[in-house]
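1. what shape does this take:
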Amino acid sequence: MHPLLPLIALSFAANVDNVGVGITYGLGNKQIPYAALVLVTVIGGFASGTADWLSSWLHPLLPDFLLGWMAGITLLIIGLRSYWTVRVRITRYATFLEKEWWFLALGLSFNNLGMGLTGGLLGYAPTLFGLVLGGFSGILLWVGCALGTRARRIQPGSWVHYVSGSALILLGLYQIITS
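-> Numbering: from 1, shown residues only. Modelled structure (predicted):
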């Protein structure tokens with residue numbers, strides 16, 4: 001398996017709910033400015049990379065199997081949290097964008113903090129992890145907005161957020177089992 005495949009899977013799973021947020025805006029005939037998309041990418045990447053860097057200090061202190069378990073449990077917690085907060089997050093992100101679009105970047109980057117901790121536990125380089133995770137954050141938000149604009153007649157529901165949570169839970173279980 002290519003070493004970047006797990007990083008891509010983590011980045012997609014962590015940010016797939018951005019598609020739902022983007023669809024919500026697109027369906028409402030609202031466009032997210034490109035400056036906001038860049039800010040989501042930069043802030044999300046910075047949050048991920050910083051959290052990765054902060055958690056990487058555990059590598060010399062703990063055995064690999066324990067780091068794997070900690071990363072898996074973190075993914076499980078983030079995934080389960082996705083199930084519990086689906087409606088709250090959509091409403092919160094809508095409120096953020098209505099006030100100032102840069103608040104959206106801050107709101108979406110909170111998830112990236114937890115993912116950054118996982119990245120550090122798994123041994124990913126902070127810069128690479130931040131770039132990939134931040135990139136997926138902005139790109140998936142843009143994709144969702146474009147999809148919502150094109151499909152205003154279809155209501156997305158909250159299924160997209162459940163996909164994100166499910167993917168994170170599966171990745172967490174996989175990490176725990178293989179550690």
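
2. buried sites along the strand or helix carrying Leu147?
-> Assigned by DSSP states H and E, Leu147 belongs to helix 126-150. For helix 126-150, a neighbour-count test (16 or more other Cβ atoms under 10 Å) marks 126, 129-134, 136-149 as buried. Where C-beta positions appear, they are placed from N, C-alpha and C, glycine not excepted.

3. go on, stretch 63-74?
-> So, applying 16+ other Cβ under 10 Å, buried residues of stretch 63-74: Leu67, Gly68, Trp69, Met70, Ala71, Gly72, Ile73, Thr74.

4. from the residues you listed, which single one is nearest Leu39?
-> Closest to Leu39 out of those is Thr74 (25.4 Å), distances taken as Cβ to Cβ.

5. leaving out the residues flanking it, which one is nearest to that closest one?
-> Thr118 (4.8 Å; Cβ to Cβ, 6 or more residues apart in numbering).

6. count the neighbours of the one you found for me.
-> Using other Cβ atoms under 10 Å, the number of residues around Thr118 comes to 30.

7. right, and it touches Leu10 too?
-> Yes. Using Cβ atoms under 8 Å, Thr118 is in contact with Leu10, at 7.0 Å.

8. for the helix holding Leu147, the distance to its chain's centre please.
-> Here helix 126-150 shows a centroid-to-chain-centroid distance of 9 Å under the convention Cα atoms, centre = their mean, to the nearest Å.

9. and it, what's its mean pLDDT?
-> The average pLDDT for helix 126-150 rounds to 88.

10. what of stretch 114-123?
-> 82.

11. before we move on, what about stretch 37-50?
-> Mean predicted lDDT for stretch 37-50 stands at 87.

12. for it, which positions count as buried?
-> By neighbour count with 16+ other Cβ under 10 Å, stretch 37-50 contains the buried residues 37, 39-50.

13. settle this for me: Leu67 is touching Leu121, isn't it.
-> Yes. Contact criterion Cβ under 8 Å: Leu67 and Leu121 qualify, at 4.9 Å.

14. what is in contact with those two at once?
-> Leu58 (Cβ atoms under 8 Å, 6 or more residues apart in numbering).

15. how about the helices in this structure?
-> For the chain, the helices defined by DSSP state H occupy 5-15, 17-27, 34-55, 64-84, 86-99, 101-122, 126-150, 159-178.
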